[in-house]
Every structure is written in structure tokens, then in C-alpha cells.
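[1] could you work out the structure for the sequence below:
(one chain, ligands or ions: 1)
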Amino acid sequence: MTNVLLIHGGVGIDDNLVDAANIKLNYFASSVKLNGNPLDSAIEAVRMMEDDPEFNAGTGSVMRIDGSIQMDASVAIPGKFGSVLAIESVRNPVMVARDVMEMTPHTMLAGDGAVKFARLLGYEEYDPSTDRARNRLKVALENLKTPGSDSYAKYSKLMEKTDFNDFMKDSCDTVGAVARIDGKFAAAVSTGGASPMLRGRIGDSPVFGSGIYVGDKGAVVATGIGEEISKRLLCFRIHEKIGTKPLHDVMKEEISFFKNVIAGVIAVSADEYGYFANKGMGTGLKLE
Ligand code: ASP
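    The predicted model follows:
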């Protein structure tokens, strides 16, 4: 059976940027080995994307509206799951998520507990901020303060209580990977979040069934507006429908429920793989 690694660089990019994103993502995918544990391959791909400042994960993560960076990441194989929520000051959240899965009795570690856990294991203090993220924050803050903008509407109740000058936006270039090696499945996801967002906000990416799911039928990972993805348990629903119709149709059907909300998924099953998104999304693929 063919081994598969399929990765994405986040939904929401302009259609004319997808080809360029695909070139980079195919390069990343092609440099990952597919001859061992599928989790190693999925994590290696996500780790490379976390280290690339162009993606909203690890280095390059977007900022919260208070200017801080809190990251979510998760990993899964059938029957096992680990995630970190709102972790700060580490270089590769996806690797800490794996440690949560493999070294603790827990599935999720949040905030300062996740940071302390990472330090205990020797993850060094690291600043993932970039000028691009700072500029994005500036734009986000402007939108927040512009009456009539979508962001203004979302935050209008809070605006009465908060000085948003203290705060920052924008983006959905989260990263994710699904793998099937020798018939075994794994998935990994990492994100700085979907801004504008408050400090403490958790998206779908570290929530099993929402932004990631791996079961006996396959592995699924999502990208897009986490609040909406979570409400629909998107990845769990896709996994449960695997085998009832072609994988592409399953993904298309589930994404069709997202009206005016960007969403995308990648998935691999025992005999298929594919992706579907309602806006531009770069992907990379390796088959072996
Ligand atoms: N789903 C991520 C979140 O809401 C963002 C993304 O996919 O870009 O945190």
C-alpha cells in the first residue's frame, strides 16, 4: 500500500498565491521520510512549517490583541491524543504536544502549566514573534477600531470596556499534516490562532474531534475559523463518514455547512487521501 503524507499551510490565502504555497509545501513534504512511524512524519512536517516565519505557527504566529503570542498544537494516532493550549515562548509547540501524549497521563495541557512542562523537559525559552506578526497586529487593531468593520462588530460589546490601544489581527495560515504509513494513521496541527483574538482564546486545533481527529478509518485535520469548526466537530464528523462515499465528497459535504466562514480540511483514509477548502489553501504531498 502506498504511504502518504499530506500537509496544508492554512486556508484563507488568495487564489493567486496557492501555486507558490504549493511549491514550498511540496518541498517540505518531499523532504520528510515516510519509512517509519506516521507520527514522526506528520510532526516533522509540522515542525518545519513552525520554523518557517511565513506560517502562522511557531515562529511567525499571529499576536493576540494584547500583543502576546499564545500557540495551540496537537498530535494524534488512533486511541491517543496530546495537545498544548495557549502555550508561550517555545519554538515548536507540536513537539511539546507529543510529549504531553507520550509522557503524561493527560491529553491537554494549557497556559503556564504547558510552559512549565516544556521547561521541565528542556525546551528553551524562545521568542516566536516576527515583524510580519507585528504588522498584522497593527492592521487588526485598525480594523477593530473601524466602525462598520467585521472585527468592530464582533468586539463592539467589549470595546465599551476596553482600551483597544492596548491590544492586535488577521490570518489563517495555520499548519497541519496527516500521514498513513504501512496502513497506520497519524495527524499533527499547530497554530498561532485566528485573529483578532483575546488572550486566552483557544481554537479548534488542540481540541480532539474539532481541528484534528484520528481513528481506525483515517486521519483528519482542519484549518479555518476555530470557533465554527469546533461547533461542528468537523474532523470527527468527516472521520465518521469515511467509507460511506468517496472521501472528496465527504469533505465537500462537511465544508458546505460553513457559510461565510473560511474552512478547509485534509484527510487520509485506508485507500484515499485528499483536501477540500472553501478558500485558497496551499497543500503539499508525498507518496512513497
Ligand atoms: N483553526 C485555527 C484557529 O482557529 C486557525 C487556522 O486554521 O488558521 O485557531
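[2] how about the longest strand anywhere in the chain and the ligand, any contact?
    The residue-count maximum for a strand in the chain (DSSP state E) belongs to strand 4-13. Yes - using C-beta under 6 Å from any ligand atom, strand 4-13 reaches the ligand at Gly10. In short, each C-beta sits where N, CA and C put it, glycine included.
[3] now do the contacts for Arg232.
    254, 257-258 (C-beta atoms under 8 Å, 6 or more residues apart in numbering).
[4] what secondary structure does the nearest residue to Gly9 once chain neighbours are set aside sit in?
    Counting by C-beta to C-beta, 6 or more residues apart in numbering, the nearest residue to Gly9 once its immediate chain neighbours are dropped is Gly282, at 4.0 Å. Gly282 carries the three-state label strand when classified by DSSP: H, G, I helix; E, B strand; the rest coil.
[5] so what's the residue count around Gly282?
    Look at Gly282: counted by other C-beta atoms under 10 Å, it has 26 neighbours.
[6] try Glu272
    16.
[7] list the buried residues for the worst-scoring helix or strand of the chain on mean pLDDT?
    Least confident element among the helices and strands of the chain, by mean pLDDT, DSSP states H and E: helix 150-159 (a mean of 76). Residues of helix 150-159 classed as buried under the neighbour-count rule (16 or more other C-beta atoms under 10 Å) are 151, 155.
[8] ditto for stretch 59-71
    Per 16+ other C-beta under 10 Å, stretch 59-71 contains these buried residues: 59-66, 69-71.
[9] can you tell me if that stretch touches the ligand.
    No - Stretch 59-71 lies out of reach of the ligand by C-beta under 6 Å from any ligand atom, never closer than 8.8 Å.
[10] okay but the residue nearest to Gly9 is in contact with Asn16, surely?
    No - using C-beta atoms under 8 Å, Gly282 is not in contact with Asn16; the gap is 11.9 Å.
[11] contact residues of the stretch 1-150 of the chain facing the ligand?
    Of all the residues in the stretch 1-150 of the chain, those in contact range of the ligand (C-beta under 6 Å from any ligand atom) are 10, 56.
[12] so where do the strands sit in the stretch 1-150 of the chain?
    In the stretch 1-150 of the chain, the strands defined using DSSP state E, counting those that start in this stretch lie at 4-13, 71-77, 80-87, 108-110.
[13] can you list the weak-confidence ranges in the stretch 101-250 of the chain?
    159-172 (pLDDT under 70).
[14] wait, what's in contact with Val94?
    Under the criterion of C-beta under 8 Å, 6+ apart, the contact list for Val94 reads 43, 46-47, 50, 57-58, 73-75, 188-190.
[15] select only the buried ones of those in PyMOL?
    Listed next is the PyMOL selection for buried residues among the contacts of Val94, using 16+ other C-beta under 10 Å:
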select buried, resi 43+46+47+50+57+58+73+74+75+188+189+190
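[16] need the contacts of Val94 in JSON lines (columns: distance to Gly111).
    Below are the contacts of Val94 laid out as JSON lines (distance: C-beta to C-beta, whole Å):
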{"residue": "Ile43", "distance to Gly111": "22"}
{"residue": "Val46", "distance to Gly111": "21"}
{"residue": "Arg47", "distance to Gly111": "22"}
{"residue": "Glu50", "distance to Gly111": "19"}
{"residue": "Ala57", "distance to Gly111": "18"}
{"residue": "Gly58", "distance to Gly111": "18"}
{"residue": "Ala73", "distance to Gly111": "14"}
{"residue": "Ser74", "distance to Gly111": "15"}
{"residue": "Val75", "distance to Gly111": "19"}
{"residue": "Ala188", "distance to Gly111": "21"}
{"residue": "Val189", "distance to Gly111": "18"}
{"residue": "Ser190", "distance to Gly111": "17"}
